[in-house]
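Undergrad: A predicted structure for the sequence below; I have some questions about it.
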Amino acid sequence: MSATYTILLDDLRVAMRLGIHPHEAEPQPVTLSVAMTVTYPAAPSADRIEEVLDYDFLRESILAMAGGPGFALQESLCEAVAALCLSDRRVVTVRVRSMKTGIYPDARVGCEIERTR
């Protein structure tokens, strides 16, 4: 019997280039949250990381993206993270949320997408 889980990476804080305005050419604070619905052929039985999706790959890949050239749009950032998640065939659905935390003194601005295989 297959087993379905939701794997979460919540409120990862990075500094990255994100935006269309000249002042956004410098890295700014961004938080990312990812929820992946993952299906395995069976529930893990050996209590070993090899049986499941290791979320380290996701965190490390997002940190690498943050160190790269950046994105003009939050939508593009979210799509890139979703594509990364869906590159693992066990991921059935992914929800990605990005939030710029330093744009306004009284609000955060963001984008959230959901993609399904």
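TA: Looks like it arrived, so ask away. Because the structure is a prediction, the values reported are computed rather than measured.
Undergrad: where's R90 relative to L58, distance?
TA: 13 Å (C-beta to C-beta, to the nearest Å). All C-beta spots, glycine's among them, are computed from the backbone N, C-alpha and C.
Undergrad: Among those two, which residue is more densely surrounded?
TA: L58 (22 against 17; other C-beta atoms under 10 Å).
Undergrad: what secondary structure does the more buried one sit in?
TA: Put simply, L58 is helix when judged by DSSP: H, G, I helix; E, B strand; the rest coil.
Undergrad: again with G68
TA: Relying on three-state DSSP, one would call G68 coil.
Undergrad: Please enumerate the helices of this protein.
TA: Taking DSSP state H as the criterion, the chain carries its helices at 56-66, 74-86.
Undergrad: you'd agree P29 is up against S98?
TA: No: with contact defined as C-beta atoms under 8 Å, P29 does not count as touching S98 (11.2 Å).
Undergrad: Who has more neighbours out of the two?
TA: In this comparison of P29 against S98, neighbours counted by other C-beta under 10 Å, the higher total goes to S98 at 26 against 15.
Undergrad: mind checking how far that one is from G68?
TA: 15 Å.
Undergrad: And D10, by the same measure?
TA: D10 is 22 Å from G68, by C-beta to C-beta.
Undergrad: How about Q28?
TA: 14 Å.
Undergrad: which of the two has more neighbours?
TA: Per other C-beta under 10 Å, whichever of Q28 and G68 has more neighbours is Q28, with 18 against 11.
Undergrad: Where do the strands of this structure begin and end?
TA: 3-16, 28-40, 91-100, 109-116 (DSSP state E).
Undergrad: Now the third one: average pLDDT?
TA: Here the mean pLDDT over strand 91-100 is 98, rounded to a whole number.
Undergrad: Give the partner strands of that strand in its sheet and their orientations.
TA: strand 28-40 (antiparallel), strand 109-116 (antiparallel) (DSSP bridges).
Undergrad: Please produce CSV containing these, extended by distance to M16 and mean pLDDT.
TA: Compiled in CSV, the strands paired with strand 91-100 are given as follows (distance: least, C-beta to C-beta, whole Å; pLDDT from 0 to 100):
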stretch, distance to M16, mean pLDDT
strand 28-40, 5, 98
strand 109-116, 14, 98
